[in-house]
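> Sequence first, predicted coordinates after that:
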Amino acid sequence: MINLTINGKKIQAPEGSTILDAARANGIYIPTLCFDEAVEVYGACGLCVVEAEGIPKLLRSCSAKVSEGMVVNTESERVVQSRKIALELLMSAHDGDCVAPCQLNCPGNTDCQGYVGLIANGEFESALKLIKNRISLPASIGRVCPHPCESACRRKNVEEPINIAQLKAFAADLDLNGESYVPECKADTGKKIAIIGGGPAGLSAAFYLRQLGHSVTIYDMMEKMGGMLRYGIPQYRLPKEVLDKEIAIIEKTGVKMINGKKLGVDFTIQSLKAENDAVIVAVGAWKSSSMRTPGEELSGVYGGIDFLRAVIQGNAPEIGEKVAICGGGNTAMDACRTAVRLGAKEVYVVYRRTRNEMPADKLEIDEAEEEGVIYKFLTNPISFNGENGKVKSITLQIMELGEPDASGRRRPVPVEGKTEEIAVDSVIMAIGQKLVSEDVSELELNSRGNIEADEDFFTTSIDGVFAIGDATNKGASIAIEAIGEADRCVKAVDAYLCGEEFETRIPYISKRNESTIDYSDRKKQERITSKVLPADVRNKNFDEVSLGLTEEEAVKEANRCLECGCREYFKCRLLNVAQRYDINPERFAGEMPQKYTHDDNAFIERNTAKCILCGLCVRACREVMDIHAIGLMGRGFSTDISPAFSLPLDKTNCNNCGLCVQLCPTGALTSKANLKKQVPLEEKYKEETIEIDGKPANVLVSTYDGKVLRVIPDDEISRNAGLSQEELIECIMQNA
C-alpha cells in the first residue's frame, strides 16, 4: 500500500493506483468527463487535473500513478483556474440549451417543456404533479397569467407559440374534477410560520412550507382567501369556484387559514413574530394608483382595483351608460369588459399609445373589442370635467409617438393644440396599484413606498420577518412573479429556521445562439386555442369565457413543442461540473465546429452539436462491445463523431445496447425512452437484477412517478444480450 495525502487527508492506496482511483476510494471528488472504468484511459477533457507538491506541471489524475509520500491538492487556485479554462473551451463549442427558453422566461421557473411533453404523451397526472412543483394554483394561473413563457417560445419562429398557459389549465382542471392530488408533507419540524396575506404569494409560500414539515398559519383581512386572484380578477376570466377548489387543496396539506383579521388592527408584525419562528409579509397592493389628473375627486371616478373589487363583492357601483377606462394593461381590460357586462352602452378605453404598445394580453384586447369596447388610441386625459360634483366628460389630449423610452416603446408626446372631449357617466382609472403603506408601518419602506426586502433572501428590517409579492421593492406585478418569489422565499425561510446557509448564486447553464437556429425543416401547424363563448352571449353575463381544451386538443397542441431544453438536464455531468465554477465561455466564442443535427434510430437520438469529443461512446462501442459502429471523423475543429462512412445509425451494426447513451456526459446521445416527446424530467434511478436467457443481469432502471422510462444495461451480460429497449422493459415488468 502507498501512503499519500490528498487535500490534507492522509490515505492509503494500492500500488499502481491512479490518483483518481485513490481519491474516489476515499470519497474525494475529482471531476472528469472522459473517464470510465469500462474503457482505457483517454485524458481528453482535462478536468481531472490536480497539483502535487514537488511536481511543476499539473497532473491528469486519471492516468497519474500514486507514489509514496505524495501530497496532492485537488482544488488549488492553479487547478481551479485550469479547470475553468477547460470548461470554457468545452462550453464554447457546446451548442445546446440546458433549459428551454420558456422556462427561463417564467418568473416561477416552471418546467414548461416538461409538463407540455407529458401532456403530449398523455401523462396528464404526471404533468399536474410537475406543475405543482412550482405553481400551487395552476388552474387559476393557467387562466389569468399573461404567459411570459409563450413570448420566449421558439415555436413563434415557425408560426405561433405553444399554448402553454391553457395546457397548464387543462392539466389542472382534470385534477380538480377528479380525485385531486395532495402532495405529501415531511414530518413536523416543530417550527411555526405566520403568513400575512392570503393571495397567490402567501398561499404558495404556505403550500411549500407545509411540504417541508413546518406549521403554517395564514392571516388575511378579507372574508375569503385568494387576494387579487379573487378580488381583482373578474368571474368570467377566473371562476371563483375553481379558485376555491385549489385553495381547499392547500388547506388539506395542513395550512391553517384565518380570515377577517387585519394587520395593524387585530395583530401586529411584532406580535406574530413573538408567537412564531418566522413571519412572511405578503399583503399585496390594494390601493389604486392616482393619475394626478384634475377632477379625480369627482363622484363617478373610480380606481380600477376598487371598481373590480366592488363588483366581485356584489356592490357594483352605478356606472351609467357611457364609461371611459384609462389605461392599457390587463386591469384596464378587466374593467372595460366588466363595464360591458354591467350594461354600459358605450365603453371607451383611453390609451396614450397605439394598440401595438398596449401591455395587455392580445387575446384580452381582441375579445374586448369583439364585445363592443371602443379604443381611443393616442389620447391622454388632461381633465375630468364635472357638474354638481359628478363627472360629465373627459378632455383628451391628442398624442403622437416620439422616440423610444426606457421600456423600449416609443414615447407618446402631445400634439400641440389638439384635444377632444367625450361625454361620460363614469371614469375608471386602471393605471396600476400600490401598497397601503400605513398597514406595514413597522417595516422599513423604500422611496417607492414599498417594503424594502432583500432581493435574494427576502429579509426585512426586522429579524425573522420576510416579505414577498406586490408589497415589496418595485411594487405590483403579475401573479406568477409573486409565486416565483414565494418559492424562493420558502427556501430562504427554511434555511433560516434550520440555521443553514442559503445559496443564491445563479449556476451556469448553456444557451443556444438564437440567431443560428434554422427552422426551415419544421412543418407549420396551427396553434390550438380553446373555444370561447360567442361575443354576443358572453358580453351579457359573467360566465367563464374560455371553454377549455379537450384531451385531443391538448395532446395535439402539446405535440407542437420543439423540445428546446435538454432531455439529460438533470443528470448531465458536463453541466454538473460547469455549475461548480463561475465560467465565461463567451470569451472563447467562435464559429461552432459542429452543426446542430439529429440522426436518429429506433432507440438513440444523436445530436452532434452537443458533443464535447470526450470519446467515451467511441471507446465503449469499440473496446467493450467490439462493434465499431461509430468513430471520430475529421481533424481539428471539424472533428465529429459519426457512424462509419457517415451512414445513418440504423444502417450500421449498432445493436441499440444503450451503453453509449449511458456513458455520454452530455445530451449528445439520449434515449428515446419510448416517449413521443423527450421530457426533461428529474428521473429516479435504482439497480435491479433481471433474468436474460436464464442468466442474472444487473440493470439501472430509470423511472419517473413510478413509471419505467428506460433500462440502462450495467454489465456485459445485458449489454451483449441484443435485446431492444421494449424487451428490457418487459423483463422489468415480468420481474416486478
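Yep, it's here.
> For the rest of this, base every contact and every neighbour count on C-alpha atoms.
Will do.
> could you dump stretch 453-470 to PDB, C-alpha only?
C-alpha atoms of stretch 453-470 as PDB (Å, rounded to 0.1, in the frame of the first residue of the first chain):
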ATOM      1  CA  ALA A 453     -36.800  43.400   1.100                       C
ATOM      2  CA  ASP A 454     -33.600  41.800   0.200                       C
ATOM      3  CA  GLU A 455     -33.900  40.500  -3.400                       C
ATOM      4  CA  ASP A 456     -32.100  37.300  -2.600                       C
ATOM      5  CA  PHE A 457     -33.100  36.400   0.900                       C
ATOM      6  CA  PHE A 458     -36.400  38.400   1.200                       C
ATOM      7  CA  THR A 459     -35.300  39.700   4.700                       C
ATOM      8  CA  THR A 460     -36.700  42.900   6.000                       C
ATOM      9  CA  SER A 461     -35.700  45.400   8.700                       C
ATOM     10  CA  ILE A 462     -37.000  43.000  11.400                       C
ATOM     11  CA  ASP A 463     -35.000  39.800  12.000                       C
ATOM     12  CA  GLY A 464     -37.000  36.700  11.200                       C
ATOM     13  CA  VAL A 465     -39.600  38.700   9.100                       C
ATOM     14  CA  PHE A 466     -39.600  38.200   5.300                       C
ATOM     15  CA  ALA A 467     -41.600  40.000   2.600                       C
ATOM     16  CA  ILE A 468     -42.700  39.000  -0.900                       C
ATOM     17  CA  GLY A 469     -45.100  39.900  -3.700                       C
ATOM     18  CA  ASP A 470     -46.700  43.200  -4.800                       C
END
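> average model confidence for that stretch?
Mean pLDDT, stretch 453-470: 96.
> quick thing: my sequence starts at 588, can you match it?
Taking 588 as the first residue, the last one we looked at is stretch 1040-1057.
> Which positions in it come out as buried?
Along stretch 1040-1057, these residues count as buried under the neighbour rule (16 or more other C-alpha atoms under 10 Å): 1040, 1044-1047, 1051-1057.
> what's it in contact with?
788, 860, 864-872, 1021-1022, 1030-1031, 1038-1039, 1059-1060, 1062-1064, 1068-1070, 1072-1073, 1076, 1079-1080, 1083, 1091 (C-alpha atoms under 8 Å, 6 or more residues apart in numbering).
> Can you say which of those residues are buried?
Looks like these have 788, 860, 864-872, 1021-1022, 1030, 1038-1039, 1059-1060, 1062-1063, 1068-1070, 1072-1073, 1076, 1079-1080, 1083 buried, using 16+ other C-alpha under 10 Å.
> which ones among those are found in strands?
Judged by DSSP state E, strands contain the following of the buried ones among the contacts of stretch 1040-1057: 865-868, 1021.
> Just flag the most distant two among those residues.
Ala865 and Lys1021 (24.9 Å; C-alpha to C-alpha).
> sec struct for Ala1008, please.
Heads up, residue 1008 is Glu, not Ala. strand (DSSP: H, G, I helix; E, B strand; the rest coil).
> how near is it to Ala911?
Separation of Glu1008 from Ala911 (C-alpha to C-alpha, to the nearest Å) stands at 12 Å.
> what's the answer for Thr1137, then?
For Thr1137, the distance to Ala911 - C-alpha to C-alpha - is 37 Å.
> go on, Ser727?
In terms of C-alpha to C-alpha, Ser727 sits 28 Å off from Ala911.
> Kindly report the same for Ala680.
Distance check for Ala680 against Ala911: by C-alpha to C-alpha, it reads 56 Å.
> Over to Arg647?
Remark: distance between Arg647 and Ala911 (C-alpha to C-alpha) = 73 Å.
> quick one on the thing from earlier: between Thr1137 and Ala911, tell me which one has more neighbours.
For Thr1137 versus Ala911, neighbours defined as other C-alpha atoms under 10 Å are more numerous around Ala911 (29 against 13).
> Against which helices or strands is the helix or strand that contains the more buried one packed?
According to DSSP states H and E, Ala911 maps onto strand 909-913. When contacts are defined as 3 or more C-alpha pairs under 8 Å, 6 or more residues apart in numbering; DSSP states H and E, strand 909-913 packs onto helix 917-928, strand 933-938, strand 1013-1016.
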